[in-house]
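Asks: got a predicted model here, sequence first, then my questions.
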Amino acid sequence: MMLDSTSVKGRILDAAARAFATHGVDQTSIDDIARDLGATKGKIYHHFGSKSELVCAIRKQSVQLTLERVRPQFDAAMPPPEKFHAMAKAHVIAMISELAYHRVVVEEMRGSKTGGATPAERALRLEIAALQTEYEGFFRSTLAEGIASGHFRDQDISIAVRSFLMMLHAPIYWYQPRDAENITAIAEQLANMALGAVATPQ
């Protein structure tokens, strides 16, 4: 059965994320990724015009994967503290479950040399910015709702969101793959810490 374009692109993104996260963006070539896929370099270039565009597509996918995990908690009818905790926990699980994608994003932010931006890459960057704004909006609105209800301290929402998201990103830097129970325990602890940072003291 022939894979459709979306499936092929997904396989390319997964392989590229693994290779970039393991060996580094600058140290990994399109040939390396093609070998890992058992495909030709031309197949990758058919879907992604450059290595830089491929890295940008990984960035977009990292945000989309996190959105998919957190959106159900945001959409659920829960009081602000429970919703915030569920969203924070889902965020950490996303960081660990799609670890390769998120580690590539961190390396790219540190300044990997992927070349100048193509028109396709510039379009991807605009899409990424829109997704990131949407995602942060989940936490901003939940925090605002909690402040209004008295569950959360009155605080600068922008500072609070950026600060606790940095904490929830932490496993990207130190997590080593283990079992699912360990992932849940880490997510629970970090979600508790994030909730404690914004909640009204009891």
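Replies: Cool, the structure landed.
Asks: drop to CA atoms for contacts and neighbour counts, all remaining ones
Replies: Fine.
Asks: in the longest helix seen in the chain, which residues are buried?
Replies: Of all the segments of type helix in the chain, defined by DSSP state H, the longest one is helix 119-149. Neighbour-count burial for helix 119-149 flags 121, 124-125, 128, 131, 135, 138-140, 142-147 (criterion: 16 or more other CA atoms under 10 Å).
Asks: next secondary structure after it?
Replies: On the C-terminal side of helix 119-149, the closest following helix or strand by DSSP states H and E is helix 157-168.
Asks: quick check: mean pLDDT of that following helix?
Replies: Mean pLDDT, helix 157-168: 95.
Asks: residues touching that helix, excluding its own?
Replies: Residues from elsewhere that reach helix 157-168 (CA atoms under 8 Å, 6 or more residues apart in numbering): 88, 91-92, 136, 139-140, 143-144, 190-191, 194, 197-198.
Asks: how about stretch 87-105?
Replies: When contacts are defined by CA under 8 Å, 6+ apart, stretch 87-105 is touched by residues 14, 17-18, 20-22, 24-25, 55, 58-59, 61-62, 65-66, 69-71, 73-74, 168-169, 171-173, 175, 183-184, 186-188, 190-191, 194.
Asks: recalculate using a threshold of 6 Å.
Replies: With contacts defined as CA atoms under 6 Å, 6 or more residues apart in numbering, stretch 87-105 is touched by 17-18, 21, 59, 62, 66, 69-70, 73, 168, 187-188, 191.
Asks: just these: which are in helices?
Replies: 17-18, 21, 59, 62, 66, 69-70, 73, 168, 187-188, 191.
Asks: so among the residues you listed, which ones count as buried?
Replies: Applying 16+ other CA under 10 Å to these, the neighbour count classes 17-18, 21, 59, 62, 66, 69-70, 73, 168, 187-188, 191 as buried.
Asks: and which of these is nearest residue 32?
Replies: Taking CA to CA as the measure, residue 18 is the one of these closest to residue 32, at 11.1 Å.
Asks: who are the contact partners of the closest one?
Replies: residue 100.
Asks: ok now stretch 157-175, how far from the chain's centre?
Replies: The chain centroid and the centroid of stretch 157-175 are separated by 12 Å under CA atoms, centre = their mean, to the nearest Å.
Asks: go on, stretch 175-189?
Replies: Offset of stretch 175-189 from its chain centre (CA atoms, centre = their mean): 17 Å.
Asks: likewise stretch 71-82?
Replies: Between the centre of stretch 71-82 and the centre of its host chain there is 19 Å, according to CA atoms, centre = their mean.
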